[in-house]
Structure formats: C-alpha cells, structure tokens
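K.L.:
give me coordinates for this.
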Amino acid sequence: MKKTTSSAVLAAALAVCLLLAGCSSDAVTSLPPRGSADVPAPLVGLLDPDSEIRGVWIATVYNIDFPSAPDLPREKLTAELDAILDDCAAWGLNTIFFQVRPSCDALYKSDIFPVSRFLSTTGELPLDPLSYLLDAAHRREIFVYAWVNPLRITTAYVADPVLPKGITADMTSLYDGKLVLNAGVPEARRFVADGVREIVEKYDVDGVVFDDYFYPYPVNDDSGARVPFDDGAAYEKYGGGVPLADFRRQSVNELVKECRDAIKSADPDCRFGVSPFGVWRNSEEVGGAGTLGLEAYDELYCDAKAWVSGGYVDFLCPQIYWQRSTANTPYEKLAEWWNGVLGAGDADLLISHAAYRYEEGDWDSPAGEMKAQVEFARSLMAYRGSVFYGYDELKGDVSGITDEVTGVYENEVVYLSPSSDGSDITVTSHENYSSVGRGEAFLSGHSDPSLPLFLNGEPVGRLKNGDFTVKVTVSGGENRFLFTQRGKEFLFVLYG
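P.N.:
Numbering: from 1, shown residues only. As a prediction, this is how the structure comes out:
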C-alpha cells in the first residue's frame, strides 16, 4: 500500500528493525505478538514492509468465498467483507489475495470489463467490493492484492457467448467448451495489460497476482486422445517459424512482461507476481525438480524461470498443493527447487498451500501439515511468506487447520536482506578430488548469503544463512562441478 505513516514514526520503526537485525546472524527476526508490552512503541500499529506475508486467497468465481450469492444488498456485502477481515485478524494473517476478475469481468468499477455476474446479474454495482475492502483492510494493516485470471472469458460451456467490449473474435479461442483469450495474439495481450493498468491507476492495491491459468489445462476427448488447442491462425500469423510450443511460451512471457510494465508505469511500488502450477518441469536433466507430475512448462506453456531471469515479476507464489509425504511431488523437494530458482534473483518466494485438501479427504492424516510446511519454508533463502487456499477450510477449522495456522503465526517475523559474512565458497560433504563411485552424490557447503550462488550455471537453493546441499550425478571418470558467486569460482571434482 502507499505509505501514509509520518516520516518520523517510520524512521523510528526502521531504527528498531536495524537494532533487532544486529542481534542475529540470520535474516529472520522473530518479534513478540503484536500488542505485547515487549514490543517497542514505534512498532505498535505499524506493519513493517518486510513482514512475513501471511495470506489467504478469497475466491469470487462461482461465489466460493465472496459474495455468498449474487444480487446481495450493500449491507450484506459489507458484512461479509468485514467478517473476512475479522477472521484474518483472528488468525494472524496480514494479506488477502482478492479475486477481482474471475473471467473478463470485474468486482470493481471498470471502464473495460462488465460487472461480474457473481456479484450482480443486473449489471449494476451495488457496492464496489475492492474499494471497500482496501479501505477496511488498510485500516487494519492488512495488505490487499488484486487477484486476476488474465485469459479466461467464460467459466462454463456457452453455445453463443457474447464477447465483452474490446474483445474481438480473432483474439479468442474455444477450448473444452470455454472461451479464452489467445495469448498468441498481440491485441489480446494488450487488452489484459490495459485491464491491470486500470486497476492500479484507480485503486491503492498493494499488488497484482495472476493465478495458474494461461494456456488451458489439457483435456482428453471420449476416446482418450488429447484435445488440441486451436491457435493455428495466430501461430501462422505471429509464429515467425519457431516451434509451436516455443511460440506459446514466448506469448505467455510477453503477456507477463507487458502486464508488469503496465503495472509499474501506473505505480512503481505496486508488486506483481504469478502463482504458477507447482511443477515447472520434472526431469533434472533439463533443470527440473526430479518429480513426476503435470509440467507447467510443456502443458500450460508457462516458463516461470524465464519470468524470474527476465525481471518480469516481484514474486512467485507456486501452488505446491501436495504433502511432504507425496511420493511423486513431495512438498519439501518442490519448495527447495523453487527456492533455488528465486534465490538467484530479486524476486521473492511465496508459497501457496493447499488448505482445501484438509477437507477433501485425499490426504492421509493432514493434521500438522500446514504448520510443518510453513516452518520448513522459513529457513529457505528466498522465502518471504505463505498464502492459503481456501478460506472455507480455515473458517471451518477443518481437521484443526485454523489452530495450526494461528499457532505458527503467534509471533511476528520480519525478513531482512541477507548481509555478507565475507565467506568463500566451501564444500564439506566430500573431499575435493575424491572418488565416490558412480551414481548420485550430495554436495553440502556454505557461501556468502548476500550473493547468489550457481553450480555449472544453474542457481543453487540455499538456507538463509548461506548453507546449501545440492544433488549431483557422478559418472565414470572425472566430474567437474564449478561453483560461481559474483566473480569468485570454486572447482570441485569427484571421480566416479
């Protein structure tokens, strides 16, 4: 949010933060509960900009979380929003990802998009939910990010859809009976960018976040064959001879970049990020996480690593919707992988957690999982917070999840930028130039926490204190592993 705190109070608060930082070698400061007598006076009532993000997704599509039904009177709408804020405050949360555009519609005053049918079936706006939420949330020191589904036009099969103003037929594609904007068409990308610019120009949002829907999730026909996405015309016109998959990824990359530029042109302080599917790619041979699952890179054409290296995002919030014990896609392995991707750049790692799975019954013994996931992530270099989906499970305290979340957020946590410890790159798990045999090996060591670390050109995920463990493959003969860190090189050799 745009800061309105006086410069004197802000300076005093920052001084306290620097004092606290000097008492710890880690980049994490844990403070007593807000309102405690032990909290220095300047911090009371001031949310530190580096506070841990503790968020929840509030879905408006299908009236999942808000509003409870369309065409509610203003008084009922404000009461529901106030209840959400009451819950967030009670649970220790400080951030709301509020879905303002579920499908080329708006839960705010827009000159581009019609009023969402999930709010009003008459096209009238009984309340501007985004304006009300921002005002009420900021008074409570709760951040609000505008959650946008960038490409979806319809959420269900429509025989003859009416296109919103500004959308032409050549900007769209039909897939699985649903209409979407085609990211491969420049006019479609520009339309999305104009939409997010409008939000940031009109509203004091703290950030904008896209969810995981870009090219549609693949579906099969009745015979089991994959249904192709119809973008042949756009590919022929704009593809430039590159392979189709690369054209689609380039189109999504351009969309993300254009939206980032539009947001920053309206408000340089507004944060922008994406919440991608939790698996980028599987195979470690191509830089993946060593998992087995749907790949966002090859199925949704989302190259989140390119967004980070290109500087297109301020944060990523990958949807790591699995348990620590999930065999094919274990939470901890994926959290470590995303930490490696984001630890080499200026973008932050937030993690989206599957609170909804506490209710679905597809997790064995879910109790304690959310608490353990947050506590594990806190040690990761790039991690700055978590966002839970969904709100209903927290509100119902399904399987004790609300007590878990409240407990793990009992104390404030502030993430300070890591400072240099002056150390060189060291590897301690094996002796350099030793023989370990063929197969997998783990290299553990330490490097200066203030600088990104790379192994053979790929970023290395580290803990906030600069420690790391990385898995490597050792083949027959000499295996060279070159660690680099801002001009420093360290060659580590193993024999297989």
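K.L.:
rest of the way, CA atoms for contacts and neighbours
P.N.:
OK.
K.L.:
can you tell me the centre-most residue of the chain?
P.N.:
Nearest residue to the geometric centre of the chain (CA atoms, centre = their mean): residue 317, 1.4 Å.
K.L.:
how many neighbours does residue 286 have?
P.N.:
Neighbourhood size, residue 286 [other CA atoms under 10 Å]: 9.
K.L.:
oh, and call the first residue 506 from now on, that's how I've got it
P.N.:
That works, and once the first residue is 506, the last one we named lands at residue 791.
K.L.:
for it, give its distance to residue 833.
P.N.:
The gap separating residue 791 from residue 833 is 17 Å, by CA to CA, to the nearest Å.
K.L.:
same question for residue 911.
P.N.:
As judged by CA to CA, residue 911 and residue 833 stand 30 Å apart.
K.L.:
can you pull out the helices in the stretch 856-1001 of the chain?
P.N.:
Remark: helices assigned in the stretch 856-1001 of the chain by DSSP state H, counting those that start in this stretch are 862-865, 874-882, 896-900, 906-913.
K.L.:
the last one packs against which elements?
P.N.:
Secondary-structure packing of helix 906-913 (3 or more CA pairs under 8 Å, 6 or more residues apart in numbering; DSSP states H and E): helix 579-596, helix 874-882, helix 896-900.
K.L.:
with adjacent residues omitted, what lies nearest to residue 941?
P.N.:
residue 1001 (5.8 Å; CA to CA, 6 or more residues apart in numbering).
K.L.:
show me what contacts that neighbour?
P.N.:
Applying CA atoms under 8 Å, 6 or more residues apart in numbering, we find residue 1001 in contact with 940-944, 979-984.
K.L.:
pLDDT at it, what is it?
P.N.:
On pLDDT, residue 1001 comes in at 93.
K.L.:
give me the distance between it and residue 962.
P.N.:
22 Å.
K.L.:
try residue 554
P.N.:
Distance of residue 554 to residue 962, computed by CA to CA: 32 Å.
K.L.:
which residue ranges of the stretch 556-705 of the chain form helices?
P.N.:
579-596, 634-644, 691-707.
K.L.:
domain map for the protein?
P.N.:
Under automatic domain parsing, the residue ranges defining each domain of the chain are 506-551, 555-920, 931-1000.
K.L.:
centre of the chain to the longest one, how far?
P.N.:
The reference is to domain 555-920. Its chain's average C-alpha position is 7 Å from that of domain 555-920, according to CA atoms, centre = their mean, to the nearest Å.
K.L.:
returning to that earlier point: could you single out the most deeply buried of the domains of the chain?
P.N.:
For the domains of the chain, the largest average neighbour count (mean count of other CA atoms under 10 Å) is found in domain 555-920, namely a mean of 19.
K.L.:
contacts only, for the residue lying closest to residue 971 once chain neighbours are set aside.
P.N.:
With CA to CA, 6+ apart as the criterion, residue 971 has its nearest non-adjacent residue at 4.2 Å, and that residue is residue 954. Neighbouring residues of residue 954 by CA under 8 Å, 6+ apart: 923-926, 969-972.
K.L.:
and which of those residues is nearest residue 598?
P.N.:
Closest to residue 598 out of the contacts of residue 954 is residue 969 (22.9 Å), distances taken as CA to CA.
K.L.:
ok, that closest one touching residue 886?
P.N.:
Yes. At 4.2 Å, residue 969 counts as touching residue 886 under the criterion of CA atoms under 8 Å.
K.L.:
my read: residue 586 touches residue 639, true?
P.N.:
No. Between residue 586 and residue 639 there is no contact, the gap being 10.3 Å when judged by CA under 8 Å.
K.L.:
how close does the nearest residue to residue 995 once chain neighbours are set aside get to residue 980?
P.N.:
Closest residue to residue 995 apart from its sequence neighbours, by CA to CA, 6+ apart: residue 988 at 5.1 Å. Applying CA to CA, the value for residue 988 to residue 980 is 18 Å.
K.L.:
got it, and residue 599?
P.N.:
For residue 599, the distance to residue 980 - CA to CA - is 49 Å.
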